[in-house]
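> Sharing a sequence plus its predicted fold:
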Amino acid sequence: MHKLICAAFVALFLADPVAAAPLCAELGFAGLLAKCNRGEPIEITLASGKPLGKGDVTLQSGAYYEMRITADGSAELAITGAPFFHAIWMNEIVINGIEVRPMAIDSLEFDEAGTATLSFVAIKPGSYEVKIPNTTSDSQKVSISIQ
């Protein structure tokens, strides 16, 4: 009897279209990676003494995004945000044409100028931040909310 109640409970919540909430109604063969399910790219800039981003970012759970992290080479800088990186499903990280498909990451460090593109699906709702480690300024972090 307990198994039947649990199964009914799970079926009720999985049948609700609001639970997954992708950006498009018909995902097709590509599923969550479908073109219609892609949100706006997130731009992060690593530069000595400059802001990391242009403000707070809001993502939708179940939607596909790209985060482009560009370092200008002015300093050896890293970006960290383990709680955020663990709240997403990472599709791949592309660095100089090399595709890496990690299980999870904690941080990325840039020793010289370059760009890394992270593609992912936002999963776990909550408030997160990515920032330059060991900094306290609000301009050295980007607040990210997954709804």
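The structure has been received and is ready for your questions.

> Output the below-cut-off pLDDT ranges for the protein.
Scanning the chain for pLDDT under 70 picks out 1-22, 24-31.

> All the strands of it, residue numbers only.
42-46, 57-59, 64-71, 77-80, 88-95, 98-100, 107-110, 114-122, 126-131, 141-146 (DSSP state E).

> buried stuff in the longest one?
By neighbour count, with 16 or more other C-beta atoms under 10 Å as the criterion, the buried positions of strand 114-122 are 116, 118, 119, 120, 121, 122. Bear in mind the C-beta positions are built from the backbone N, C-alpha and C, glycine included.

> so which of the residues you listed comes closest to residue 42?
residue 118 (8.7 Å; C-beta to C-beta).

> Now for that closest one: which residues touch it?
Residues in contact with residue 118, defined by C-beta atoms under 8 Å, 6 or more residues apart in numbering, are 66, 67, 68, 69, 90, 92, 93.

> Nearest residue to the fifth one in space, please, no chain neighbours.
Across the structure, with C-beta to C-beta, 6 or more residues apart in numbering as the measure, the residue nearest residue 90 apart from its sequence neighbours is residue 120 (5.0 Å).

> For that neighbour, list each beta-bridge partner.
Going by DSSP bridges, residue 120 is paired in beta bridges with residue 65, residue 90.

> isn't it right up against residue 94?
No: taking C-beta atoms under 8 Å as the definition, residue 120 is not a contact partner of residue 94, at 12.0 Å.

> Same list (the strands of the chain) but as TSV, adding distance to residue 23.
Converted to TSV, the strands of the chain look like this (distance: least, C-beta to C-beta, whole Å):
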stretch	distance to residue 23
strand 42-46	15
strand 57-59	11
strand 64-71	8
strand 77-80	26
strand 88-95	15
strand 98-100	24
strand 107-110	26
strand 114-122	11
strand 126-131	19
strand 141-146	14
